[in-house]
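S.K.: Show me the folded form of this:
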Amino acid sequence: MTPSQIITQQAQSQGVDPQQALQKTMAAINSGHAIMLQENNSVLIVVRLGDGNAALYLTTVDSPIALKSSFIGFLKKLKTSEIHTAYVDTKNNQIIRLMKKTGWDVKKSNNPKFTFMAKIK
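M.R.: Alright, predicted model coming up:
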């Protein structure tokens, strides 16, 4: 699947306007403040926050097994970047458990805008 298809499919499954979700994502990327990574049928939007920090936004239609592989790939890519700390805002504990199982150093966030953070390096 293409990133656009993944974003559209997940938006539809969550009852969100798929065109609006796609436009918002592309606006962040086109502004230069974000990049898009893809592994399997998962897309990770990485938004630069400055000082080696980034916010991560996951869009996925992967099965749990494929998502595990996707998290391993995302972490490998982020380790080669300038990002030292990644912030995530989620209440989905399954995602956090899966991140931890795939080598992410996930802890409670020190930034009140996010629920979790992960040291990358």
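S.K.: Can I get the helix ranked longest in the chain in CSV, CA atoms only?
M.R.: In terms of residue count, the longest helix belonging to the chain (DSSP state H) is helix 64-79. Once non-C-alpha atoms are left out, helix 64-79 reads as follows in CSV (Å, rounded to 0.1, in the frame of the first residue of the first chain):
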residue,chain,number,x,y,z
PRO,A,64,0.1,-7.0,15.0
ILE,A,65,2.9,-9.2,13.6
ALA,A,66,3.6,-6.9,10.8
LEU,A,67,3.4,-3.9,13.1
LYS,A,68,6.1,-5.4,15.3
SER,A,69,8.4,-5.6,12.2
SER,A,70,7.4,-2.0,11.3
PHE,A,71,8.4,-0.7,14.8
ILE,A,72,11.8,-2.4,14.5
GLY,A,73,12.3,-0.8,11.1
PHE,A,74,11.2,2.7,12.3
LEU,A,75,13.6,2.5,15.3
LYS,A,76,16.5,1.5,13.0
LYS,A,77,15.8,4.5,10.7
LEU,A,78,15.5,6.9,13.7
LYS,A,79,18.8,5.7,15.2
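S.K.: which residues in the protein form helices?
M.R.: Assigned by DSSP H, the helices in the chain fall at 3-13, 18-30, 64-79, 93-101.
S.K.: what about residue 117, how many residues close to it?
M.R.: Here the number of neighbours of residue 117 (other Cβ atoms under 10 Å) works out to 20. In this view, the C-beta of every residue, glycine as well, is placed from N, C-alpha and C.
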